[in-house]
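A.B. asks: Need the 3D shape of this:
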Amino acid sequence: MRQASFPTLLFALCFAFISPAFAQLNQMPRKTLLEVREACVEVLVNNRLRGGGAFIENDEGRNLVITAAHLFEARDAPSHILTSDDRKHSATLLAYDFGHDLALLEVESAKGYPSLPLASDVPTETAPIFNFGPALRRRTLVISGNVADARPSYTDFSPSDGYVEHFFVAGISPVLTSGGIWANANGEIVGIQHGRLLGDKGAPSSGLSIASPPISIKRLLRRKKSAATPGIGGWVWEIWTADSELLKQVPQDTEGLVVTWIKEGGPLDTAGVKRLDIILSCEGEKITRRNDFLHMIRSEIAGTSFELEITSPGTDNSKRKVALKTNTLESRWTQP
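C.D. replies: Next up is the predicted model:
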């Protein structure tokens with residue numbers, strides 16, 4: 001039998017020691033997992049299971065649960081939580097933020113349950129994180145994922161007729177994971193699950209989930225007051241994602257955002273923008289990425305006016321300017 005060389009033996013020994021340590025980096029310690037699971041809840045709206053949530057630490061020592069706003073059909077919809085010991089508690093919707101799909105509940109009758117700290121920021125790309133929620137109606141399952149893009153992104157979100165700001169997670173998110181927390185290996189909340197990007201035609205998921213960043217959770221927790229998120233009343237996409245037939249109707253060097261949907265009576269509609277119009281600039285600044293455009297919109301308070309330069313495909317490609325005055329996503333519910 002051929003004997004292994006010294007370098008080969010050294011590599012084998014190193015791998016034997018390093019491999020378990022590396023594996024530990026990609027999992028949550030058992031003790032932490034049990035503590036996080038005890039702090040998690042199931043959210044019921046109109047006595048129907050809608051998703052998950054968790055008790056979150058706060059300076060006032062109140063029994064507050066963080067979850068997703070889209071679980072609620074209306075601000076005054078009767079809501080309850082089921083705690084880890086299967087007890088049902090009445091919950092009050094304290095504040096909400098449609099721009100990040102967040103809802104803050106107060107549960108006065110729930111005493112003695114652990115609450116979870118909030119992470120300072122989104123973990124870096126590839127960092128392992130864990131989703132806790134009643135996926136597929138199976139109590140609180142733990143689903144692993146990794147941060148795919150820690151930068152702020154915006155995705156069209158039909159529950160608010162607007163955009164939700166989020167970061168991307170590489171991880172499957174089945175039905176009823178909405179509202180469930182994403183936590184790091186230390187048991188800190190790094191985000192709230194909202195939904196998943198659809199895959200190609202016929203595919204239920206692309207393998208990417210979207211979650212709110214800790215800074216938005218912190219803001220709602222600190223203010224305990226509903227947000228006033230600026231909205232544009234429509235959805236836009238980069239022009240290079242458009243159908244080839246549309247691209248044939250504009251000069252090849254055209255750059256901007258194609259308006260793919262407009263809400264009747266919303267800001268884009270009121271400004272005179274039509275579906276398939278192309279937004280070329282905002283406040284004189286050239287626009288090529290919708291993330292940049294929406295960041296500009298969200299950087300100002302709701303009700304701010306922006307000058308847009310637009311063009312319509314299939315015409316003489318002339319440019320015109322319109323005034324877009326943002327509305328408030330939360331206006332669909334009566335403010336508390």
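A.B. asks: Helices of the stretch 151-300 of the chain, start to end?
C.D. replies: For the stretch 151-300 of the chain, the helices defined by DSSP state H, counting those that start in this stretch cover 214-223, 244-247, 267-271, 290-298.
A.B. asks: In TSV: the ones you listed, plus mean pLDDT.
C.D. replies: Formatted as TSV, the entries for the helices of the stretch 151-300 of the chain read as follows, by pLDDT from 0 to 100:
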stretch	mean pLDDT
helix 214-223	96
helix 244-247	88
helix 267-271	97
helix 290-298	96
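A.B. asks: Can you say which of the ones you listed is packed in most?
C.D. replies: helix 267-271 (a mean of 20; mean count of other CB atoms under 10 Å). The C-beta positions use only the backbone N, C-alpha and C, and glycine is treated the same way.
A.B. asks: returning to that earlier point: just so I know, which of the helices of the stretch 151-300 of the chain lies nearest Thr311?
C.D. replies: Within the helices of the stretch 151-300 of the chain, the stretch nearest Thr311 is helix 244-247; the backing value is 12.2 Å (CB to CB).
A.B. asks: confidence score at Ala4?
C.D. replies: On pLDDT, Ala4 comes in at 56.
A.B. asks: helices or strands up against the longest strand seen in the chain?
C.D. replies: Scanning the chain for the strand with the most residues, using DSSP state E, yields strand 141-157. Here strand 141-157 touches strand 128-133, strand 162-170, strand 208-211, helix 290-298, going by 3 or more CB pairs under 8 Å, 6 or more residues apart in numbering; DSSP states H and E.
A.B. asks: thinking again about what came up before, same list as before, the helices of the stretch 151-300 of the chain that is, but in CSV and with distance to Glu108 included.
C.D. replies: CSV is the format used below for the helices of the stretch 151-300 of the chain (distance: least, CB to CB, whole Å):
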stretch, distance to Glu108
helix 214-223, 17
helix 244-247, 54
helix 267-271, 39
helix 290-298, 33
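A.B. asks: Could you chop the protein up by domain?
C.D. replies: Here the domain parsing of the chain from automatic domain parsing is 29-224, 230-332.
A.B. asks: for Val259, which residues make a bridge with it?
C.D. replies: Per DSSP bridges, the residues bridged to Val259 are Val236.
A.B. asks: Run a quick check on it versus Ile279, I expect a contact.
C.D. replies: Yes: if you go by CB atoms under 8 Å, Val259 and Ile279 touch, sitting 6.8 Å apart.
A.B. asks: Between those two, which is the more surrounded one?
C.D. replies: Ile279 (23 against 20; other CB atoms under 10 Å).
A.B. asks: contacting residues around that one?
C.D. replies: By CB atoms under 8 Å, 6 or more residues apart in numbering, the contact list for Ile279 reads 236, 256-257, 259, 273, 287, 293, 308-310.
A.B. asks: now do 7 Å
C.D. replies: By CB atoms under 7 Å, 6 or more residues apart in numbering, the contact set of Ile279 is 236, 256-257, 259, 287, 308, 310.
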